[in-house]
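**Q** please work out how this folds:
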Amino acid sequence: MAPQVKRVKTAFQFYQSDQLAQLRQEFPDMSKAMTELSRRWKNLSPSEKKPYDELEVADRQRFDNESAAADAEKFAQVKARREALQVQDGESRSSRGARQKMDSMREHREAIRMQREAEMTPEEVEERNRIREEKRREKEEKRKAKAVEEAAVKSRHDKLSKQEKKKSN
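**A** Alright, predicted model coming up:
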């Protein structure tokens, strides 16, 4: 994913970051401080605004450069994704399916698991199997509890529906 590019700061935003701390000491209320900041900005002469305008120009240049780099990176990702979807040399059209890729990934994970288990002691394998079985039981208990809850909700809905029908008749 292409990196996020920070937005361009305006000259006023640079002025704000420069002056706001000082104004907050004079005006504890943020809305009054911002009003005063805005009033002071409007009263600045063009020569007093010039350093902030220069900072804005430099920040806009930074933004343009980062945007171009991010766009190039995103374009490269899209291009790579498109190329991955095309049939490559040595591949047939039928070998490009998601099911086949998932199967090969599953086989790879299984081979790694088997290799790890071969390197484990019998006690470690037994402990791992015990934990796996415990997780399976917990999952089954949650599934059963959910089914009971759903049945209770359905029963309640049915009961309410019957009451509504009686009221409407």
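
**Q** just how off-centre is the helix or strand of the chain with the lowest mean pLDDT within its chain?
**A** Ranked by mean pLDDT, DSSP states H and E, the helix or strand of the chain with the weakest confidence is helix 98-119, at a mean of 82. Mean-position distance between helix 98-119 and its chain equals 28 Å (C-alpha atoms, centre = their mean, to the nearest Å).

**Q** elements contacting whichever helix or strand comes after it?
**A** From helix 98-119 onward toward the C-terminus, using DSSP states H and E, the following helix or strand is helix 122-168. The helices and strands touching helix 122-168, judged by 3 or more C-beta pairs under 8 Å, 6 or more residues apart in numbering; DSSP states H and E, number zero. Every C-beta, even on glycine, is put in place using the N, C-alpha and C of the backbone.

**Q** so helix 122-168 versus helix 98-119, what angle?
**A** Helix 122-168 runs at 140 degrees relative to helix 98-119, counting by axes from the mean of the first three to the mean of the last three C-alpha atoms, to 10 degrees.

**Q** CA atoms of the least confident helix or strand of the chain as CSV?
**A** This file holds the C-alpha atoms of helix 98-119, laid out as CSV (Å, rounded to 0.1, in the frame of the first residue of the first chain):
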residue,chain,number,x,y,z
ALA,A,98,-7.3,-19.8,-6.4
ARG,A,99,-8.3,-23.3,-5.3
GLN,A,100,-5.0,-24.7,-6.6
LYS,A,101,-3.0,-21.9,-5.0
MET,A,102,-4.8,-22.5,-1.7
ASP,A,103,-4.1,-26.2,-1.9
SER,A,104,-0.4,-25.7,-2.5
MET,A,105,-0.2,-23.2,0.4
ARG,A,106,-2.0,-25.7,2.6
GLU,A,107,0.4,-28.4,1.6
HIS,A,108,3.4,-26.1,2.3
ARG,A,109,2.1,-25.2,5.8
GLU,A,110,1.4,-28.9,6.5
ALA,A,111,5.0,-29.8,5.5
ILE,A,112,6.3,-27.1,7.8
ARG,A,113,4.1,-28.4,10.6
MET,A,114,5.3,-31.9,10.1
GLN,A,115,8.9,-30.8,10.1
ARG,A,116,8.4,-28.9,13.3
GLU,A,117,6.7,-31.8,15.0
ALA,A,118,9.5,-34.1,13.9
GLU,A,119,11.9,-31.8,15.7
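
**Q** all set, thanks.
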